[in-house]
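1. fold the following, please.
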Amino acid sequence: MRQLLRLCPLLLVVALLFGTGPAFAGKRVALVIANSAYQHAPSLTNPVNDGSVMARTLKEAGFDIVDSRRDLTAQETRRVLREFADGTRDADIAVVYYAGHGIEVEGSNYLIPVDAKLERDTDVFDEALSLDRVLVAVEPAKQLRLVILDACRDNPFGKTMKRTVASRGIGRGLAQVEPTSSNTLIAYSAKAGFTAQDGDGANSPFTVALSKHLTTPGLDVRRAFGFVRDDVLKSTGNKQEPFVYGSLGGEDVPLVPVKVTAAAAAAPAPNPQADIRRDYELALQVGNRPAWDAFLAQHPDGFYASLAKLQVEKIGAEQAHAAATEKAKQAEAERDRLAAVGAQKDTQAKAAADAKAAEQVQLAAQKAKEQAQQQAAAAEQQRVNLAAAAPSAAPASTASPAGTNVASLTPAIAPADLSRSVQTELGRVGCFSGAADGNWTPSAQRSLSQFNRYAGTKLDVKVASTDALDTVKSKQSRVCPLVCEHGFKADGDKCTRIVCRDGYALNDDNECEKQRAARPAKPATAKRDDGDERPARQRRQAGGEAAGAAGGFGAAGIAAAAGASRPSSGGQLFCNNGGCRPVNRGCHLEYRGGGGPGNDANAEVCN
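-> So this is what the prediction gives:
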């Protein structure tokens, strides 16, 4: 018995070492790919730096294998993924980190190697690597499969890529994914449909936050990404929000386990509100109805339960609006079909009534959806403000019972900040070209009106509202068409000057047309100078004489008149039946009237 008592301290140490806390992680492998030196696009600065930081972080965290590669071609990437897949067969945790360009085509995501040209949209199938191929490489891991993509940059290939099919969509950033394998997480540096920033330093804000939190000993990987999200939002002024897709089980899954020692300090008292907040944020990241139902089943009452119910109402309103929209489209199509086939008037009238009723239901659902979205956004903003003001404080005092209207949770965001955010989002979708200064000017109102026109919405343009902000944020690509001035043409998201080749010029229709050869200038013609100082009456007399000579005396008279047109003593001609002669010096002609054979119209008068 004494020997057993003496062994008790030793048994206690062994229990502390091996019987408590999470077990030490098994084999952990990682692959780091960083593409910067693109051959057919501008080079990127940060990916290589980010890859070096992540490789060093994972090595210091004790990973068994950290394979770091940079600037891989398509063939090299396929070979590296195949080799890495062989190493994950006996691994418990497999991590792939990729930094570089990525692209979304028709809802599928692709990683772009450095030798990709992507002249056409269909080239992604041959020249790029599908995200599904990366998921296949980590699939053999038993405990955790983690893929981290810092590839949500503004993609230069999308601006020059030719569309083989006009309806094929090429999105902004990466598309949302839902992993089909269990225990799989996919982390984006920015929310689906948005682009990430490279930052002002040597590393992107996303990688800086990853290196700080991801390998914290004992920290669940989901909470680690929550801290990463908070840091990136803060460092980018709420412009970039990392996002995680996928789900894990109920137990914590740290990348680096805590090393338990015999002298371990007493565990801190649990904080129920912190756990509820963590569960709420995880459900918020997933964002679907089953996630909120699971949260409410676990936490049916309290502050976060009220917020979760608002999120459920928002999802229900969105689903109801989608169903009403589809029903209205079907009713309208049926009405048009009956009109086209010439159905009976009462049948057409009933179809028209059904279409109108469906349209009214759709409008009501649209209003309910917008109201639910506004309430959920206001409540979420208030929660974020409370967490920022007192991170460690439990919001139990602000809890409201189920079914209580939480309209009092109005957003604490300043009007100028809200206007600035709406202006920024309108600029992102191509509807606003001014400066996002927070002043809701007539120019900003026209921009929101233009958004309503092309997006089919009915937002109030007089004020900048959270409803408008959420609606514009939901658009993942350009909404308003790019309009360029005369002499410029649309080139992606920018206007470039039109340059015509030699011999062509820009016309009023903004097209280059061939220039016509310039006609030779006409030679200057001599003009009769009537500017002499002779009286007008004398000029008329001279004209009459010349006309008389030409008309009354035939060719001889015309010749004489022509000969007499040369300068003479008096400058006048006297003509009669005998012919024409110059007026003598010192004499002049006076018109006496009449005229004809034997009756001279003019008389020579000499002083």
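
2. so residue 146, which of the three states?
-> strand (DSSP: H, G, I helix; E, B strand; the rest coil).

3. residue contacts, it?
-> 93, 94, 95, 96, 138, 184, 185, 187, 221, 255 (Cβ atoms under 8 Å, 6 or more residues apart in numbering). For glycine as for every other residue, the C-beta is placed from the backbone atoms N, C-alpha and C.

4. so where is the stretch 51-200 of the chain shaky, pLDDT-wise?
-> Filtered on pLDDT under 70, the stretch 51-200 of the chain yields the residue ranges 153-154, 158-159, 165-173, 198-200.

5. so which residues of it form helices?
-> Ranges of helices in the stretch 51-200 of the chain, per DSSP state H, counting those that start in this stretch, are 74-87, 124-127, 131-138, 157-160.

6. is it correct that residue 189 is in contact with residue 208?
-> No. In this structure, residue 189 is not within contact of residue 208 by Cβ atoms under 8 Å, at 11.1 Å.

7. quick one, which of those two is more surrounded?
-> Neighbour comparison, residue 189 and residue 208: the larger count goes to residue 189, with 31 against 19 (by other Cβ atoms under 10 Å).

8. now the more buried one: how far from residue 469?
-> Here the criterion is Cβ to Cβ, to the nearest Å. By it, residue 189 lies 22 Å from residue 469.

9. low-scoring stretches of the stretch 401-550 of the chain, by residue?
-> For the stretch 401-550 of the chain, the ranges with pLDDT under 70 are 401-414, 492-493, 517-550.

10. show me where it has strands.
-> 488-491, 494-497, 504-506, 512-514 (DSSP state E, counting those that start in this stretch).

11. in CSV: these, plus distance to residue 41.
-> Compiled in CSV, the strands of the stretch 401-550 of the chain are given as follows (distance: least, Cβ to Cβ, whole Å):
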stretch, distance to residue 41
strand 488-491, 15
strand 494-497, 16
strand 504-506, 30
strand 512-514, 28
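
12. could those go into CSV alongside distance to residue 147 and mean neighbour count?
-> What follows is the strands of the stretch 401-550 of the chain, written out as CSV (distance: least, Cβ to Cβ, whole Å; neighbours: other Cβ atoms under 10 Å):
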stretch, distance to residue 147, mean neighbour count
strand 488-491, 34, 13
strand 494-497, 33, 12
strand 504-506, 50, 13
strand 512-514, 49, 12
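
13. out of those strands, which gets nearest to residue 203?
-> Residue 203 lies closest, by Cβ to Cβ, to one member of the strands of the stretch 401-550 of the chain: strand 494-497, at 28.2 Å.

14. mind listing what the closest one pairs with, with the direction of each?
-> strand 488-491 (antiparallel) (DSSP bridges).

15. ok, how many other residues are close to residue 331?
-> What residue 331 shows, counting by other Cβ under 10 Å, is a neighbour count of 21.

16. if you could redo that for residue 289, that was the one I meant.
-> 13.

17. likewise the one 5 residues further on?
-> Counted by other Cβ under 10 Å, the residues lying close to residue 294 total 16.

18. which of the three states applies to the residue lying closest to it once chain neighbours are set aside?
-> With sequence-adjacent residues excluded and distances taken as Cβ to Cβ, 6 or more residues apart in numbering, residue 294 is closest to residue 283, at 7.2 Å. Of the three states, residue 283 takes helix under three-state DSSP.

19. test my guess that residue 283 contacts residue 292.
-> Yes. Residue 283 lies in contact with residue 292 (Cβ under 8 Å); the separation is 5.6 Å.

20. joint contacts of those two?
-> With Cβ under 8 Å, 6+ apart, residue 283 and residue 292 have common neighbours 308, 311.

21. rewinding a little: closest to residue 52 out of the strands of the stretch 401-550 of the chain?
-> strand 494-497 (33.2 Å).

22. rewinding a little: out of the strands of the stretch 401-550 of the chain, flag the one nearest residue 145.
-> Among the strands of the stretch 401-550 of the chain, if distance is taken as Cβ to Cβ, the winner is strand 494-497, at 40.0 Å.

23. ok, and what's touching that closest one?
-> Contacts for strand 494-497 (Cβ under 8 Å, 6+ apart): 482, 484, 485, 487, 488, 489.
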